[in-house]
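Predicted model, plus sequence, below.
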Amino acid sequence: MKKFKHTKRQQFAVLGLGRFGMEITRALYNYGYEVLAVDIDEEKINEASSFSTHAIVADVSEESTLQSLSINSFDTVVIAIGNNMQASIITALTCKEMGVNNIIAKAHNDKHGKVLTKIGVNNVIYPEAAMAVKVATKLINPNIQNHMEIVSGYSIAEINIANKWVDKNLGELALRNQYAVNVLIIIRANDEVITTPSGDTVLKEDDILVVGGSNEDIESLSFAVNIGK
């Protein structure tokens, strides 16, 4: 099996390419991260090969597979296995035993989620519940395009910029000082992605900010955008 070439950029491994696994692989790759996608289904791997750093056909419930992938060298492992709860639990347990620092796992129900938590999974995600929260967030805060809770109370979100922010740089706006959020990425209208924006980065019309912070602070920023239109 071909080894994943590790770099200094933050790296993710997504194990299981159902709908959830596919979308999180695509999102992470589009944000400029290194992503290894793994699934036992060759057809899914062929699909994911266009939006992942490496895509490998393998059974991740086998410890030998995870050993060959050096799974413990990844910054974050996302376990997105489909409906096979036993495979999901075994994979999570093996990743934990191998010393993976940050494990995120998809749960099908409360019982599955409780088992994953007891194993030591850092963040258990219930996709249907997360989607409901996402829709509600969008209804309440229309300036927030996408929203993903990383740990309880803290999220990453895409936010439209206020009209009065155009042609101003991040240093002038001082968003971190005013709203306690960090601007992680800027997405431009022409699909240009600025992955390490500095204080000198000037905002342009239709820019989208990818920010991280507490849910309350992100909502405050969204409100500021609304009144700044």
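Noted; the coordinates are in hand. Predicted, not measured: the structure shown is a model, and the values here were computed from it.

ok, Val35 - contacts?
By Cβ atoms under 8 Å, 6 or more residues apart in numbering, the contact set of Val35 is 11-14, 25, 28-29, 52-54. The way it works is simple: take the backbone N, C-alpha and C, and place the C-beta from them, glycine included.

for the residues you listed, which one is nearest Val60?
Of all the contacts of Val35, Ala13 has the smallest distance to Val60: 8.9 Å, by Cβ to Cβ.

which of the contacts of Val35 count as buried?
The neighbour count (16 or more other Cβ atoms under 10 Å) marks 11-14, 25, 28-29, 52-54 as buried among the contacts of Val35.

Narrow these to those in strands?
Those of the buried ones among the contacts of Val35 mapping onto strands are 11-14, 54, per DSSP state E.

Tell me the one of these nearest Val210?
Phe12 (15.7 Å).

Beta-bridge partners for the closest one, please?
Counting by DSSP bridges, Phe12 forms beta bridges with Val35, Thr76.

phi, psi of the nearest residue to Trp165 once chain neighbours are set aside?
With sequence-adjacent residues excluded and distances taken as Cβ to Cβ, 6 or more residues apart in numbering, Trp165 is closest to Leu203, at 5.2 Å. As for Leu203, its main-chain torsions (degrees, to the nearest 10) stand at phi -80, psi 140.

Over to Asn182?
Torsion angles, degrees, to the nearest 10, at Asn182: phi -110, psi 130.

need the contact list for the residue nearest to Asn169 when sequence neighbours are not counted.
Using Cβ to Cβ, 6+ apart and skipping residues adjacent in sequence, the residue nearest Asn169 is Val202, 4.8 Å away. When contacts are counted by Cβ under 8 Å, 6+ apart, Val202 is found next to 167-169.

Quick check: the gap between Val202 and Ser222.
Per Cβ to Cβ, to the nearest Å, Val202 is found 22 Å from Ser222.

where in the chain is pLDDT low?
1-9, 128-145, 147, 151-152, 227-229 (pLDDT under 70).

Would you map the strands across it?
Along the chain, the stretches classed as strands by DSSP E are 11-15, 34-39, 54-57, 76-79, 103-106, 123-125, 144-151, 154-160, 182-187, 193-194, 208-214.

how big is the angle separating the first one from strand 34-39?
This means strand 11-15. Going by axes from the mean of the first three to the mean of the last three Cα atoms, to 10 degrees, strand 11-15 is angled at 10 degrees with respect to strand 34-39.

Mind giving me the packing neighbours of strand 11-15?
Packing partners of strand 11-15 (3 or more Cβ pairs under 8 Å, 6 or more residues apart in numbering; DSSP states H and E): helix 19-30, strand 34-39, strand 76-79.
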